[in-house]
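>>> Here you go, sequence then predicted model.
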Amino acid sequence: RLRTTTIYVTHDQVEAMTLGDRIVVLAAGRIQQVGHPIVLYRTPANRFVAGFIGTPPMNFVDGSLEPHGAGWSFAAEGVRVRLPHDRAPDDASRNVTLGIRPEDMRVTRGESPGDDLGSVVRGRIALVERLGGTSHVHFDVGPHRLLAVVTGDDVPEIGETIAVAVPMQRVHLFATDGQRLPAD
């Protein structure tokens, strides 16, 4: 360690994440968020930061919030995800964008991954990128193309139907202006 302050400018988010103790994300000349790399990764201030920080980038689906039992669900064509009670905003009738990181989803072949993991969506594999120890699995849920990261050698094949667990605690919600909707 040099124990000196250095300002390093890069357009490479991987470089910023690996080198920086604190990162400033700029877009169109405006500061979007300042913080430690893991804070920007886990709690992005807005959709821009959420899509910029992280490889592969976060999945986004536009939809709306609907009442679901005692709580709320995110709903879009082919997608319904239950939300934790602390994730529904006061004005839950508005349209929102759901964000979920590819590595936060759990893919299984056909069978349900279990209710304890959150909501389950079903999709059909469109593309598989084998990268060695991990694979990027691109799948279609209704009109939405999503991406999940799968570890290990047992990877679904193109055309196969899969069940994908979407953990409630890893879901991000963004307002129509792109700002993150905070948990209460």
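Here it is on my side, so go on. All figures in this text were calculated on a predicted structure; none of them were measured in a lab.
>>> Going by residue numbers, what spans are helices in this structure?
Listed in chain order, the helices of the chain (DSSP state H) span 13-19, 37-42, 47-52.
>>> can you list contacts of the first one?
So the one you mean is helix 13-19. Contacts of helix 13-19 with the rest of the structure, by CB atoms under 8 Å, 6 or more residues apart in numbering, involve Y8, T10, I23, P37, Y41, F52, I53, G54, T55. Where you see a C-beta, it was placed from the backbone N, CA and C, and this is true even at glycine.
>>> rewinding a little: determine which stretch of the helices of the chain is the most buried.
Most buried of those, by mean neighbour count (mean count of other CB atoms under 10 Å): helix 47-52, with a mean of 21.
>>> And that one, what does it pack against?
Contacts defined by 3 or more CB pairs under 8 Å, 6 or more residues apart in numbering; DSSP states H and E place helix 47-52 against strand 23-27, strand 30-35, strand 59-68, strand 95-100, strand 172-174.
>>> Can you convert the helices of the chain into a markdown table and add a column each for distance to F139 and mean pLDDT?
What follows is those, written out as a markdown table (distance: least, CB to CB, whole Å; pLDDT from 0 to 100):
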| stretch | distance to F139 | mean pLDDT |
| --- | --- | --- |
| helix 13-19 | 24 | 88 |
| helix 37-42 | 23 | 96 |
| helix 47-52 | 19 | 97 |
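>>> Save those helices as CSV, and put in distance to R180 too.
Converted to CSV, the helices of the chain look like this (distance: least, CB to CB, whole Å):
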stretch, distance to R180
helix 13-19, 18
helix 37-42, 11
helix 47-52, 8
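>>> remind me, longest strand of this protein?
In terms of residue count, the longest strand belonging to the chain (DSSP state E) is strand 119-130.
>>> For it, what is the distance to the chain centroid?
Using CA atoms, centre = their mean, to the nearest Å, the mean C-alpha position of strand 119-130 is found 15 Å from that of the whole chain.
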